[in-house]
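Student: Mind looking at a prediction? Sequence and model below.
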Amino acid sequence: MSRSSPTGVMVNPRRCLMFVPGSRPERYAKAIATGADQVCIDLEDAVAPGDKDSARASVFAFLADAPESYSEIGLRLNPLSTELGRKDLAELKASGLAPAFVMLPKVETAQELLDADAALAGADTGLIAQIETPRGLLDARALAHATPRLQALMFGGFDFIVALRGRASWESFFHPRVQLAVIAAEAGIGCIDVPFLDIKDEASLVEETDRVIALGFTAKAAIHPAQVDPIQQRYLPTADELERARRVVAALQGNRGEAIQLDGKLVDRPIEIAAERAIALGAHGARKD
């Protein structure tokens, strides 16, 4: 679990969350092999109603003996507002498993997060709350502060737009995206964007990733292995940006934190915070343009 430091720099930057169906255990290892910062094994939308119990058993068996990997491995339960979701949570608690994170879909109340928090007591497991309804978005600020276990908010754009009675587009997603990014930033937690559905259109995926990065999203979800690297690359600074970020931090430290000119431009604390974020992401390397 990690929130922002007091400077606003994410201690553990996460750029992409890769979904894999819980009913397809042969795909779990392939998802992890993508090198996604997070891999989420899905028990909700990707699993047919008749396969829920067998998928849960497969996921739990895998988590019990999960291999060491770069990726944080977690799972998405069914909504805790349903009997199925409450069964998922109860069986996860009874299993004694401690995945890296648990994603809760269609969250609308703080009580859902508190129930999950209580069930995970003693486990170093983060929570991700999906905001997929108008009520969830309107109450997202309260949700963001419900428990220190909450790692991120995720925009569930397609469920949201159906509930809103609209049509999916950049324009219809723009306002909820901005609102959610502001709320997550204020709470010091991550903000994950909805997956891009056209798995063959990499150019548009990259364009959308750049646009949500500009809005303040700290990560974007993926639904296909081919999407992971393009998403994660867009979050990285270029070699020139990384070099300048290091110079900014060094210059301000050398001037005891007071504003200073660097290459003819004023740099001060806000510029330093942006530079620290670039350096944190640069731990993954520089972007390959």
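Tutor: Cool, the structure landed. Numbering: from 1, shown residues only.
Student: the helices in the stretch 101-250 of the chain, which residues?
Tutor: 110-119, 134-138, 140-144, 157-164, 170-187, 202-215, 225-235, 239-254 (DSSP state H, counting those that start in this stretch).
Student: And the last one, what's buried?
Tutor: What it means is helix 239-254. 241-242, 244-245, 248-249, 251-252 (16 or more other Cβ atoms under 10 Å). From N, CA and C alone the C-beta is placed, and that goes for glycine too.
Student: Check what contacts the next helix or strand after that helix and list those residues.
Tutor: Scanning forward in sequence from helix 239-254 by DSSP states H and E, the next helix or strand is strand 260-262. The contact list for strand 260-262 (Cβ atoms under 8 Å, 6 or more residues apart in numbering) reads 247-248, 251-252, 266-267.
Student: Count the residues that sit near residue 140.
Tutor: Residues within reach of residue 140, counting by other Cβ atoms under 10 Å, total 23.
Student: Without its sequence neighbours, what residue ends up closest to it?
Tutor: Closest residue to residue 140 apart from its sequence neighbours, by Cβ to Cβ, 6 or more residues apart in numbering: residue 183 at 4.8 Å.
Student: Tell me which of the helices of the stretch 101-250 of the chain lies nearest to residue 33.
Tutor: helix 225-235 (7.7 Å; Cβ to Cβ).
Student: Mind giving me the packing neighbours of the closest one?
Tutor: strand 16-21, helix 28-33, helix 202-215, strand 219-222 (3 or more Cβ pairs under 8 Å, 6 or more residues apart in numbering; DSSP states H and E).
Student: Mean pLDDT added to these, as TSV?
Tutor: Shown next, in TSV, are the helices and strands packed on helix 225-235 (pLDDT from 0 to 100):
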stretch	mean pLDDT
strand 16-21	98
helix 28-33	96
helix 202-215	98
strand 219-222	98
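Student: Give me the pLDDT for residue 284.
Tutor: For residue 284, the model assigns a pLDDT of 84.
Student: just checking, it touches residue 232?
Tutor: Yes. Residue 284 lies in contact with residue 232 (Cβ atoms under 8 Å); the separation is 7.2 Å.
Student: From residue 19, how far out is the residue nearest the centre of the chain?
Tutor: With distances taken as Cα atoms, centre = their mean, residue 192 lies nearest the centre of the chain, 3.9 Å away. Relative to residue 19, residue 192 is positioned 11 Å away (Cβ to Cβ, to the nearest Å).
Student: overlap in contacts of the two?
Tutor: residue 221.
Student: ok so, going back, which residues do residue 284 and residue 232 both contact?
Tutor: Residues touching both residue 284 and residue 232 (Cβ under 8 Å, 6+ apart) are residue 15.
Student: With neighbour numbers in mind, choose between these two.
Tutor: residue 232 (25 against 16).
Student: Poorly predicted segments of the stretch 1-150 of the chain, please.
Tutor: 1-12 (pLDDT under 70).
Student: Out of the helices and strands packed on helix 225-235, indicate the one that is most buried.
Tutor: strand 219-222 (a mean of 27; mean count of other Cβ atoms under 10 Å).
Student: What helices and strands are in contact with that strand?
Tutor: If you count contacts as 3+ Cβ pairs under 8 Å, 6+ apart, strand 219-222 packs onto strand 16-21, strand 190-193, helix 202-215, helix 225-235.
Student: could you redo those as TSV and give each row distance to residue 170?
Tutor: Putting the helices and strands packed on strand 219-222 into TSV (distance: least, Cβ to Cβ, whole Å) gives the following:
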stretch	distance to residue 170
strand 16-21	20
strand 190-193	12
helix 202-215	8
helix 225-235	17
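Student: To residue 98, which of those lies closest?
Tutor: Using Cβ to Cβ, the helices and strands packed on strand 219-222 put strand 16-21 closest to residue 98, at 18.4 Å.
Student: which helices and strands does the closest one pack with?
Tutor: Counting by 3+ Cβ pairs under 8 Å, 6+ apart, strand 16-21 packs on helix 28-33, strand 38-42, strand 219-222, helix 225-235.
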